[in-house]
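J.: Please find the sequence and the predicted model below.
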Amino acid sequence: MSIKNNLLEITGELPSTVKLVAVSKFISNEAIMEAYNAGQRDFAESRPQELARKTTELPADIRWHFIGHLQTNKIKLIIDRVTLFHSVDSMRLLNELNTLAQKSGITVKILLQEHISGEETKQGFSRSELIQAAELSKTLSYIRVCGLMGMASLSNDQEVIVREFRSLKDSFLILKETIFKGESDFSEISMGMSSDYHIAIREGSTIVRVGSKIFGERY
């Protein structure tokens with residue numbers, strides 16, 4: 001199937017409450033433009049240099065999301081080019097984003113990443129660290145926390161994936177009812193990729209990050 005048809009199939013499955021972010025890391029500009037011409041506007045990258053380059057080469061109305069592990073020394077490359085940082089996973093990163101946002105005269109929108117899987121290779125805060133990060137964010141004038149992000153285990157056991165997604169939703173509700181109570185901006189749960197976005201939607205995701213189901217396998 002074509003990229004356009006893949007997009008039509010996926011968007012036809014999504015409730016109106018769920019946003020599709022097309023993961024375009026390692027994808028050519030030509031393939032991204034196929035998706036763009038089919039109506040897709042939200043794209044995600046995981047490498048700052050690649051995102052910075054693509055923002056200069058592709059249409060200005062694309063909304064770029066950053067989903068990778070972000071090193072603090074690379075923030076300046078993309079601080080003013082990203083619609084939403086999905087993967088804020090340390091206090092240091094939180095503070096540095098605020099510092100560089102202040103220098104740039106902007107407010108950056110972020111998601112706090114929780115480590116919900118049993119895989120040590122994945123990044124993110126523990127539940128207790130997540131609460132501390134949320135409390136810290138309230139003291140940072142140039143940061144707007146819009147919700148949480150998490151990545152489930154690469155598992156064929158759907159019960160494992162459901163349990164992990166439910167854990168993220170529980171964390172979201174705890175923060176929504178306490179630290180971010182009454183804040184309409186705190187509304188997003190970014191969970192679900194090509195292999196598990198159907199489960200994520202059922203468990204309350206508001207943003208799904210889909211790559212290979214749109215563009216095909218990268219390798």
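T.: That came through fine.

J.: What spatial separation is found between the residue nearest the centre of the chain and I199?
T.: Residue closest to the mean C-alpha point of the chain, counted by CA atoms, centre = their mean, is H86 at 3.3 Å. Distance, H86 to I199, by CB to CB, to the nearest Å: 18 Å. Every residue, glycine included, has its C-beta placed from N, CA and C.

J.: same thing with P15?
T.: With CB to CB as the criterion, P15 and I199 are 14 Å apart.

J.: higher neighbour count, these two?
T.: Counted by other CB atoms under 10 Å, P15 and I199 do not tie: I199 has more neighbours, with 17 against 8.

J.: List the neighbours of whichever strand or helix holds that one that are in contact with it.
T.: Using DSSP states H and E, I199 maps to helix 197-202. Residues outside helix 197-202 that contact it (CB atoms under 8 Å, 6 or more residues apart in numbering) are 13-15, 18, 152, 158, 161-162, 165, 191-192, 205, 208-210, 213.

J.: can we see that at 7 Å?
T.: P15, V18, Q158, I161, V162, F165, M191, G192, V208, V210 (CB atoms under 7 Å, 6 or more residues apart in numbering).

J.: One more: stretch 212-219?
T.: Outside stretch 212-219, the residues within contact range by CB under 7 Å, 6+ apart are I3, N6, L7, I10, A22, F26, I27, A31, A35, S194.

J.: Buried ones among these?
T.: I3, N6, L7, I10, A22, I27, A31, A35, S194 (16 or more other CB atoms under 10 Å).

J.: How about the secondary structure of the third one?
T.: Classification of L7 by DSSP: H, G, I helix; E, B strand; the rest coil places it in helix.
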